[in-house]
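# Attaching a predicted model along with its sequence, questions to come.
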Amino acid sequence: MTYIGELGSQRACLAFCDYLKVKNLTFRVDERHDSGLITYTIYAPEQDAQEVELAFNNFISNPNREEYLNASWQLAEPAQSSANQSLGLSNIWSSVGFFTRLIAGLCILIFVLSYLGWYREVFFALKFDWLWTEPYRLITPAIMHLSAIHLLFNLAWWWYLGGRIEKTLGYQTLIQVFLISALASNVLQVLLVNDQFAGLSGVNYALAGFVWVCGTVHKSTRLYLPNNLFVFLIVWMLVGFVDVLLIPMANWAHLGGLLAGMLLGLLLVKRSVKTV
């Protein structure tokens, strides 16, 4: 196979590959992870290499040409009816990676076990503790939830933000953000309040801070959080500190997660994650 070139955007890579498929050209794409970023390297067999290389150079010079968009539409048309029948559930499932699904699945499983009558057993097995023989307890409060609404609200944010991080920067980056932010948010909440808390909220605030830094500091066009949404999350956190809500909130876990996520956004993302 002949090396053709590299693309740093999954969206751009998909558009170019759709164009090659419409032209009946043979190619191969290798996905490579480097410093928290994903690069898509394109190869072609010798008989198609010259034509694929010409197409690649044309795409790089003007990726917004109508023929590339039309190619994607042509390939999408046969699948439209089945997509409509599935109500887009397959797209929702495929929009995230395995680690996003894993944590969501664990949260659901733990909640179901609690709901079926094992609440005390689950809570006291996973609640925060400094036991050096059970270090997982520093993290596990993040995957416990106290109500269905609590669970659904947190999973929606986790799926949206965590899924985007995993798809853009890879599962290794999401694992790092999850573990470090869960540890930071849980420890801060315990030190300043108590260990009677649970939920993914601290991690979700970390994801929000991480994504906001990627868009604001690193100028990413693939990984960003609109300022109005970020401000809403900050205001919601501040409302929790004022203590005017009827529900208890792990406010220090939220703040600890937010600060950890913003710091990780500065440290883990070494280069810009702009699209082509």
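Received, thanks.
# residue ranges with poor pLDDT in this protein?
Low-confidence segments of the chain (pLDDT under 70): 33-37, 72-90, 245-246, 270-276.
# Gly5 - that's part of a strand, no?
Yes: assessed by DSSP: H, G, I helix; E, B strand; the rest coil, Gly5 belongs to a strand.
# and stretch 239-249, which residues are buried?
Neighbour-count burial for stretch 239-249 flags 240, 249 (criterion: 16 or more other Cβ atoms under 10 Å). (C-beta placed from N, C-alpha, C; glycine too.)
# Can you give me the end-to-end span of that stretch?
10 Å (Cα to Cα, to the nearest Å).
# for this protein, what's the longest helix?
helix 171-192 (DSSP state H).
# any idea of the angle the helix or strand just after it forms with helix 171-192?
Downstream of helix 171-192, the first helix or strand assigned by DSSP states H and E is helix 201-216. For helix 201-216 against helix 171-192, the angle by axes from the mean of the first three to the mean of the last three Cα atoms, to 10 degrees is 130 degrees.
# Alpha carbons of helix 201-216, in CSV - could you do that?
This file holds the C-alpha atoms of helix 201-216, laid out as CSV (Å, rounded to 0.1, in the frame of the first residue of the first chain):
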residue,chain,number,x,y,z
SER,A,201,-21.8,15.0,38.9
GLY,A,202,-18.2,15.9,39.9
VAL,A,203,-16.9,14.0,36.9
ASN,A,204,-19.4,15.6,34.7
TYR,A,205,-18.3,19.1,35.8
ALA,A,206,-14.7,17.9,35.0
LEU,A,207,-15.8,16.9,31.5
ALA,A,208,-17.5,20.3,31.1
GLY,A,209,-14.3,22.1,32.2
PHE,A,210,-12.1,20.0,30.0
VAL,A,211,-14.2,20.4,26.9
TRP,A,212,-14.6,24.2,27.5
VAL,A,213,-10.8,24.6,27.8
CYS,A,214,-10.4,22.6,24.5
GLY,A,215,-12.7,25.0,22.7
THR,A,216,-11.6,28.2,24.4
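# Okay, buried residues for the helix or strand just after it please.
Next in sequence after helix 201-216, counting helices and strands by DSSP H and E, comes helix 227-242. The neighbour-count check on helix 227-242 (16+ other Cβ under 10 Å) flags 230, 233-234, 237, 240 as buried.
# Name the nearest of those relative to Gly117.
The closest of the buried residues of helix 227-242 to Gly117 turns out to be Gly240 (Cβ to Cβ; 30.5 Å).
# Tell me which residues touch that closest one, please.
Gly240 sits next to 249, 251, 254 when contact means Cβ atoms under 8 Å, 6 or more residues apart in numbering.
# Name the nearest residue to the first one, sequence neighbours excluded.
What it means is Met249. Closest residue to Met249 apart from its sequence neighbours, by Cβ to Cβ, 6 or more residues apart in numbering: Gly240 at 4.0 Å.
# Show me which pair in the buried residues of helix 227-242 is furthest apart.
Phe230 and Gly240 (16.1 Å).
# tell me which residues of the longest helix of the chain are tucked away?
In terms of neighbour count (16+ other Cβ under 10 Å), helix 171-192 has its buried residues at 171, 173-174, 177-178, 180-190.
# Can you tell me which of those lies closest to Ile139?
Using Cβ to Cβ, the buried residues of helix 171-192 come closest to Ile139 at Ala182, 4.7 Å.
# Same question for the helix or strand hosting Asp18: list its buried residues.
Counting by DSSP H and E, the element that carries Asp18 is helix 10-22. Residues of helix 10-22 classed as buried by neighbour count (16+ other Cβ under 10 Å): 12-13, 15-20, 22.
# Kindly report the same for stretch 108-121.
For stretch 108-121, the neighbour count (16+ other Cβ under 10 Å) marks 110-111, 114 as buried.
# Where helices are concerned, which of those residues count?
110-111.
# can you list the buried residues of stretch 108-121 in TSV and add distance to Ser61?
Formatted as TSV, the buried residues of stretch 108-121 follow (distance: Cβ to Cβ, whole Å):
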residue	distance to Ser61
Ile110	52
Phe111	52
Ser114	57
